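>>> I would like the atomic coordinates for the input below:
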Amino acid sequence: MSLSAVIAGKVFCVHGGLSPSIQNLDQIRTIDRKQEVPHDGPMCDLLWSDPEDSIGWGVSPRGAGYLFGSDVVKVSYLLLMLFFVSELYSCMTTI
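Below is the predicted model:
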């Protein structure tokens with residue numbers, strides 16, 4: 001299972017959202033994808049975190065992943081050296 005994808009070296013696509021534990025793409029590459037999705041940690045965050053109209057990180061009401069604001073997106077794309085962060089399922093609904 002893919003946790004994320006980078007398109008043309010610029011667009012970061014992910015099913016859910018960002019993780020406070022991930023600072024670079026190599027950290028995503030090292031995640032063991034051949035496991036049950038844990039209840040917390042980077043893999044869980046990438047699958048279940050959601051953007052929120054707020055600042056910073058917040059607790060997700062679904063009990064998995066985090067809520068994250070636009071400031072987190074800006075810092076994350078600088079850290080990941082990408083120009084755009086997008087949720088894969090949001091992209092699919094606009095096609």
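
>>> can we go C-alpha only for contacts and neighbour counts from here?
OK.

>>> Surely Val72 is in contact with Asp53?
No - counting by CA atoms under 8 Å, Val72 stays clear of Asp53, with 11.2 Å between them.

>>> So the two - more neighbours on which side?
Neighbours were tallied for Val72 and for Asp53 using other CA atoms under 10 Å; the higher tally belongs to Val72 (19 against 9).

>>> and that one, that's in a strand?
No - Val72: not assigned to a strand; according to DSSP: H, G, I helix; E, B strand; the rest coil it is helix.

>>> any idea how far the closest residue to Gly58 other than its chain neighbours is from Pro38?
The spatial neighbour of Gly58 that comes closest, neighbours along the chain excluded (CA to CA, 6 or more residues apart in numbering), is Leu67 at 4.8 Å. Going from Leu67 to Pro38 by CA to CA, to the nearest Å gives 18 Å.

>>> what's the answer for Leu46, then?
Shown here: Leu46 relative to Pro38, a distance of 11 Å by CA to CA.

>>> wait, Gly58 sits on Phe68?
Yes - between Gly58 and Phe68 there is a contact under CA under 8 Å: 6.2 Å.

>>> Looking at the two, which is more packed in?
Legend: neighbour count by other CA under 10 Å for Gly58 and Phe68, higher for Phe68 (24 against 16).

>>> Would you mind measuring from that one to Val11?
Note on Phe68: its distance to Val11, by CA to CA, is 18 Å.

>>> Same question for Gly17.
13 Å.

>>> of the two, who's got more company?
Shown here are Gly17 and Val11; by other CA under 10 Å, Gly17 has more neighbours (24 against 16).

>>> where do the helices sit along the protein?
25-29, 42-48, 70-80, 88-94 (DSSP state H).

>>> Distance to Ser2 for those helices - can I get that in TSV?
Shown next, in TSV, are those (distance: least, CA to CA, whole Å):
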stretch	distance to Ser2
helix 25-29	10
helix 42-48	10
helix 70-80	17
helix 88-94	11
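
>>> Pick the most deeply packed of the ones you listed.
helix 42-48 (a mean of 22; mean count of other CA atoms under 10 Å).

>>> Can I get that helix in PDB? Just the C-alpha atoms.
Written as PDB, here are the backbone C-alpha positions of helix 42-48 (Å, rounded to 0.1, in the frame of the first residue of the first chain):
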ATOM      1  CA  PRO A  42       3.500   8.400  11.500                       C
ATOM      2  CA  MET A  43       1.700   5.700   9.500                       C
ATOM      3  CA  CYS A  44      -1.600   6.300  11.200                       C
ATOM      4  CA  ASP A  45      -1.100  10.100  10.900                       C
ATOM      5  CA  LEU A  46      -0.500   9.900   7.100                       C
ATOM      6  CA  LEU A  47      -3.700   7.900   6.700                       C
ATOM      7  CA  TRP A  48      -6.000   9.700   9.100                       C
END
